[in-house]
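**Student:** Okay, here's the prediction I keep looking at, along with the sequence it came from:
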2 protein chains.
Amino acid sequence: MIRESVVLRVHPGREAEYEAAFRAASSIIARQPGYSAHTLHRGIEDASTYLLTVEWESVEAHETGFRGSVDYQEWRRLLHPFYVELPPVPHYREVDLTRG
Amino acid sequence: MIRESVVLRVHPGREAEYEAAFRAASSIIARQPGYSAHTLHRGIEDASTYLLTVEWESVEAHETGFRGSVDYQEWRRLLHPFYVELPPVPHYREVDLTRG
């Protein structure tokens, strides 16, 4: 399992509209092969920033599978207009803190 | 519940040493009042970056409680030497994606 984690900046004043659009878009990402879970968090110090976290079976499930899908076109159509810019989206693997 | 989320850059070549130090330091953060959970993820595209996620009962539990504690001095002593720089550490509140 790997984690996609990215901080996204939404045009100030459009936060409520973005959250509604994100709710509508959630079913799109949730039906992708290799998808496991996702959350959206809103910034406390900067309320126009959002932390998107998605758990995938592999980087390929996100980058090749989802981004190469017709569904992604709809995801992008619903959400990308809200973003001030589109940062690179890195992936992470959990460090086992219990061993050793 | 709120989430502390920050990407930390470790001096290249010191990753294994950092992970060992982080394991040793984990018990420090886990015993703080208002602490709930934490994870450490390592970057896949950039293996010298780490995503630290901590769930706290409140921002104050982190910023006033933990950062004002004697324990924090030990946390800092164990971990901060590994970081290339110390970025601001933002906090986030989960958006309810199930409503409306």
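**Tutor:** Happy to help now that I have it.

**Student:** contacting residues around stretch A:89-99?
**Tutor:** By CB atoms under 8 Å, 6 or more residues apart in numbering or on different chains, the surrounding residues in contact with stretch A:89-99 are A:1-6, A:56, A:59, A:62, B:7, B:19, B:22-23, B:26, B:39-46, B:49-51. For every residue, glycine as well, the C-beta is placed using N, CA and C.

**Student:** actually stretch A:65-73, not the one I typed
**Tutor:** Contacts with stretch A:65-73, where a contact means CB under 8 Å, 6+ apart, come from A:28-29, A:31-35, A:75.

**Student:** Which positions in chain A make contact with chain B?
**Tutor:** By the rule CB under 8 Å from any CB of the partner chain, the part of chain A lying against chain B is A:2-3, A:5, A:7, A:19-20, A:22-23, A:26, A:39-46, A:49-51, A:59, A:88, A:90-95, A:97, A:99-100.

**Student:** so how far is chain B from residue A:58?
**Tutor:** Separation of residue A:58 from chain B (CB to the nearest CB, to the nearest Å) stands at 10 Å.

**Student:** from the chain's centre, how far out does the lengthiest helix in chain A sit?
**Tutor:** In chain A, taking DSSP state H as the definition, the longest helix is helix A:15-30. Taking the mean of its C-alpha atoms, helix A:15-30 sits 10 Å from the chain's own mean (CA atoms, centre = their mean, to the nearest Å).

**Student:** do the same with stretch A:74-88
**Tutor:** On the basis of CA atoms, centre = their mean, the separation between the geometric centre of stretch A:74-88 and that of its chain is 10 Å.

**Student:** what comes up buried for that stretch?
**Tutor:** In terms of neighbour count (16 or more other CB atoms under 10 Å in any protein chain shown), stretch A:74-88 has its buried residues at A:75, A:78-79, A:82.

**Student:** and the longest helix of chain A, what does it pack onto?
**Tutor:** Here helix A:15-30 is seen to pack against strand A:35-43, helix A:70-79 when contacts are counted using 3 or more CB pairs under 8 Å, 6 or more residues apart in numbering or on different chains; DSSP states H and E.

**Student:** let's go with 10 Å and repeat that
**Tutor:** The elements that helix A:15-30 packs onto, with contact taken as 3 or more CB pairs under 10 Å, 6 or more residues apart in numbering or on different chains; DSSP states H and E, are strand A:35-43, strand A:49-56, helix A:70-79.
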